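Q: Give the three-dimensional model of this entry:
(one chain, ligands or ions: 2)
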Amino acid sequence: MALLTPEDLENLSMQLEENDEIARRVTGLDIRGICESLYGTEPGSEKVGIIPITAGNGIIGNFTSSLLYIVEYFGFEGFITEHPDVTGYYEAVSRGADIIMMADDHIFTAHNLRNEKIVSNHVATGVVYADIASRFQEASSKDILVIGLGRVGYAGACHLVNKGFNVYACDPNKEFLQKAVDELGINPYCSDDRKKFSMVFEATPNADTISEGMIEERCLVSTPGIPCGLPPEIGKKYRVDLVMEPLVIGVASMLYSVI
Ligand SMILES: N[C@@H](CCCCNC(=O)[C@H]1CCC=N1)C(=O)O
Ligand SMILES: [Mg+2]
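A: Ligands and ions are numbered 1, 2, ... in the order given. Alright, predicted model coming up:
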């Protein structure tokens, strides 16, 4: 999984404001509205304990402080434990956390101790970015393209199939593609197909995964990025609206999915 860097997490509030405005313009809802509509939930007074984890590559600068900012922005009460790891877990529960958030290099999870709901950042991120793409108000049909069928892309594709969209998907890994065809009934797509889309959900760890032949004149691309799959010159030429930021939208989706 692509690990965040402290630089990815600089000026999150500006990235959030920009994406809130774009989401509102192209879907009619801001991030909060999309999460409420997606999960049918609203924040109560849940207390969120954020635990730094030293496993693997260890602490990422700005990570837990970014989580605290996001938790509070969406109306929850949050705190970062003084200690990391197991000691931090004990501290969070002792301090009355209703929801525990923590991440090693493989899984970033939110676990609600009260209703026992648990979610990974992969699933929550895939679902919310796919949902954003599917809400494009200028979409010309129910056809939607999913690029990447890893843990994030697969979760998003599954959500879109359940919402009744015509899901076309591609992945260089033929096993990932076959699994999605077999289990989700998606239509396999390859870039030399003549079909163009006005809604694209991209979930790959690569740049330049979106090519001119894939997109219609008006098009919404929704992706957690890192890096961005849309080449800037194509974005300009086709007046593409892009919803992309590294952490906030995925974390908001995690929180709303476990309350
Ligand atoms: N153990 C570290 C956090 C490690 C997070 C690694 N996971 C990612 O970078 C994922 C999360 C969203 C995008 N990539 C700490 O507690 O500071
Ligand atoms: Mg995100």
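
Q: With residue 102 as the reference, measure out to the residue in the chain sticking out farthest from the centre.
A: Ranked by distance from the centre of the chain (C-alpha atoms, centre = their mean), the top residue is residue 94, with 30.4 Å. For residue 94, the distance to residue 102 equals 15 Å [C-beta to C-beta, to the nearest Å]. Yep, even glycine has a C-beta here, placed from its N, CA and C like the rest.

Q: same question, residue 72
A: 17 Å.

Q: This protein: strands as residue ranges?
A: All strands of the chain, identified by DSSP state E, fall at 47-51, 77-80, 99-103, 108-112, 118-120, 143-147, 166-170, 187-188, 197-202, 215-223, 240-244.

Q: Against which helices or strands is the fifth one packed?
A: Contact here means 3 or more C-beta pairs under 8 Å, 6 or more residues apart in numbering; DSSP states H and E; on that basis strand 118-120 packs against strand 108-112, helix 248-258.

Q: strand partners of the first one, parallel vs antiparallel please.
A: Strands flanking strand 108-112 in the sheet, each with its direction: strand 99-103 (antiparallel), strand 118-120 (antiparallel) (DSSP bridges).

Q: Once you drop chain neighbours, what's closest to residue 154?
A: Leaving out its chain neighbours, the residue that sits closest to residue 154 by C-beta to C-beta, 6 or more residues apart in numbering is residue 180, at 6.2 Å.

Q: Contacts only, for the one you found.
A: Residue 180 makes contact with 149, 154, 157, 169, 171, 186, according to C-beta atoms under 8 Å, 6 or more residues apart in numbering.

Q: try it again with 10 Å
A: Shown in contact with residue 180 (C-beta atoms under 10 Å, 6 or more residues apart in numbering): 146, 149, 153-154, 157-158, 161, 167, 169-171, 186-188.

Q: which one of these has the most neighbours?
A: Most neighbours among these, by other C-beta atoms under 10 Å: residue 146, with 32 neighbours.

Q: Please name the bridge partners of the nearest residue to that one once chain neighbours are set aside.
A: Spatial nearest neighbour of residue 146, excluding adjacent residues (C-beta to C-beta, 6+ apart): residue 169 at 4.1 Å. Residues in a beta bridge with residue 169, per DSSP bridges, are residue 146, residue 188.

Q: pLDDT score for residue 169?
A: Looking at residue 169, its pLDDT is 98.

Q: hang on, it packs against residue 143?
A: No. Counting by C-beta atoms under 10 Å, residue 169 stays clear of residue 143, with 11.5 Å between them.

Q: Give the intersection of the neighbour lists for the two.
A: With C-beta under 10 Å, 6+ apart as the test, residue 169 and residue 143 both reach 187, 189.

Q: thinking again about what came up before, highest average neighbour count across the helices and strands packed on strand 118-120?
A: Greatest average neighbour count among those goes to helix 248-258 (a mean of 25), per mean count of other C-beta atoms under 10 Å.

Q: That one and ligand 2 in contact?
A: Yes. With C-beta under 5 Å from the ion as the measure, helix 248-258 is seen reaching ligand 2 through 249, 250.

Q: what packs against that helix?
A: When contacts are defined as 3 or more C-beta pairs under 10 Å, 6 or more residues apart in numbering; DSSP states H and E, helix 248-258 sits against helix 12-27, helix 31-39, helix 63-73, strand 99-103, strand 108-112, strand 118-120, helix 121-134.
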